[in-house]
Each structure stands twice: as C-alpha cells, then as structure tokens.
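K.L.:
heads up, no residue letters with this:
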C-alpha cells in the first residue's frame, strides 16, 4: 500500500469550487507552497490536509489485459442541423446591440473559442498574480528595482504592499457635568471611551480596531 496526502481547498470566488489533490506522502504540495489559484482566477483557502491510502499493484497492464474505458455515446438530436442559419444578438459592451445571421456550425466554433480564451485568460491572470507576489516581496531589497518596475508596468501590476500596524495616541481634555443632575459616581473611562473614536485622513490607511486605555482624572 502506498500512502498519500490529500489536500482540500475551497475557492473564495463566486464559483465556490471544492478542489482536492492527492499527492504521495512525504512530497507535500509542491515545495511546501499551500497557495492555489482556482481556474476562475480566485484565490483558494486550504481547509484540510489528511492522509490517504491508494491501493497499489505491481502487476503491469499487458495487451491481454487492457485498461477498460467506456466512452459515453453522444446522441445527436434528430432536429440538429449544423448548416441551419440562425439570427442572434451581438452584444458589444454598453453600445447598442446588433443582430447577425450565421450558420450553427460557425456559432459553435465561436463559442468554443470563447471558452478556450476565457480559460487562457484565467491561467494568465493566475501567473500575473504570482509575478506580482514575487516582485512585491523582492522589490525593497532588489538591486535592480528599475527592471522590476518595468516588468510590473508591462503587466499592469500595481506594486502595493499591505501590512498591519499599531499606534498610540495620547489625548487630554476636559469633561464637565452637572453634579446636581447626575446620580451616582462618574464613570470617566466609559464616558471617554464612548466619546472618542479614531479615523484616518489618509486613504491608504484603514482603521480596523481601536481601544481607549489608561483613562485617568488629573
């Protein structure tokens, strides 16, 4: 018995695909990389890595023992006519649609070529994303940033690096209240926490969390 590992990914895009790869135990996903790009060009999330066992036989297939394969028969409808002329709408972005007439066979090939082009675009976009990651990681320490910048511009890649940060701001002020109208002890920390908030005046900075600490009366 040969042991394998099964990797399972879930696509985060609209296709919501579940992708599984089973690889011989010990090799791991190529070079230990756990990232995967779906054919729809969305990033996938690794959800599990588990052992898998696939039965193995050392008896090779011979001419007398060919591998049995079954190809389902294709049923051609009686009404199918490849030379039939069909009028269809040609959509050109936001401009007015046009109407064209062509043979069924020609339309079939156009659809096939369109699907192939879409697959090619997905593959190329995945490769461009990989190049983007490489350039972004290497740019700061590179001795040839000009070449990296030229590659990025040729592929329309924006060299944006994102990282998390923490910062501290010290605030002082005054708080006033009517002691005749307020009942109980003043909870200054709650009052300050409810009143203060942090915001960014820079579009490149996004405030994701904040906490008011060390509130004291002077």
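P.N.:
Perfect, I can see it now. These figures come from a predicted structure and were not determined experimentally. Numbers count the residues shown, from 1 in each chain.
K.L.:
From here on, just use CA atoms for contacts and neighbour counts.
P.N.:
OK.
K.L.:
Residue 110: helix or strand, and which one exactly?
P.N.:
helix 104-139 (DSSP states H and E).
K.L.:
List the buried residues for that helix?
P.N.:
Using 16 or more other C-alpha atoms under 10 Å as the test for burial, helix 104-139 gives 104, 107, 122-123, 125-126, 128-129, 132, 135-136, 139.
K.L.:
next helix or strand past that helix?
P.N.:
Moving toward the C-terminus from helix 104-139, the next helix or strand (DSSP H and E) is helix 145-154.
K.L.:
can you list contacts of that following helix?
P.N.:
Outside helix 145-154, the residues within contact range by C-alpha atoms under 8 Å, 6 or more residues apart in numbering are 132, 135, 139, 158-159.
K.L.:
which parts of it are buried?
P.N.:
Buried, per 16+ other C-alpha under 10 Å, within helix 145-154: 148, 152.
K.L.:
next helix or strand past that helix?
P.N.:
Counting by DSSP H and E, the next helix or strand C-terminal to helix 145-154 is helix 188-195.
K.L.:
What is that next one packed up against?
P.N.:
Taking 3 or more C-alpha pairs under 8 Å, 6 or more residues apart in numbering; DSSP states H and E as contact, there are no helices or strands that helix 188-195 lies on.
K.L.:
in the sheet, who's paired with the residue minimising distance to the centre of the chain?
P.N.:
Centroid-nearest residue in the chain, with C-alpha atoms, centre = their mean: residue 43, separated by 2.5 Å. For residue 43, the beta-bridge partners under DSSP bridges are residue 37.
K.L.:
Got phi/psi on the residue located most distally from the centre of the chain?
P.N.:
Relative to the centre of the chain, the most outlying C-alpha is that of residue 180, 59.2 Å out, by C-alpha atoms, centre = their mean. Phi and psi for residue 180, reported as degrees, to the nearest 10, are phi -80, psi -20.
K.L.:
For it, give me the pLDDT.
P.N.:
Note for residue 180: predicted pLDDT of 75.
K.L.:
ok, it - contacts?
P.N.:
Contact analysis of residue 180 by C-alpha under 8 Å, 6+ apart lists nothing.
K.L.:
From residue 133, how far off is it?
P.N.:
63 Å (C-alpha to C-alpha, to the nearest Å).
K.L.:
looking at it, residue 97 is touching residue 88, isn't it?
P.N.:
No: counting by C-alpha atoms under 8 Å, residue 88 is not a contact partner of residue 97; they are 10.1 Å apart.
K.L.:
Touching both of those two, which residues are there?
P.N.:
In contact with both residue 97 and residue 88: no residue, using C-alpha under 8 Å, 6+ apart.
K.L.:
Tell me the spacing between residue 5 and residue 44.
P.N.:
18 Å.
K.L.:
Oh, that last question was meant for residue 126, not what I typed.
P.N.:
Distance of residue 126 to residue 44, computed by C-alpha to C-alpha: 12 Å.
K.L.:
same check, this time on residue 145
P.N.:
30 Å.
K.L.:
swap in residue 161?
P.N.:
Separation of residue 161 from residue 44 (C-alpha to C-alpha): 20 Å.
K.L.:
The two: which is more packed in?
P.N.:
Ranked by neighbour count (other C-alpha atoms under 10 Å), residue 161 and residue 44 place residue 44 first, with 21 against 8.
K.L.:
Touching, the more buried one and residue 15? I think so.
P.N.:
No: if you go by C-alpha under 8 Å, residue 44 and residue 15 don't touch, sitting 10.9 Å apart.
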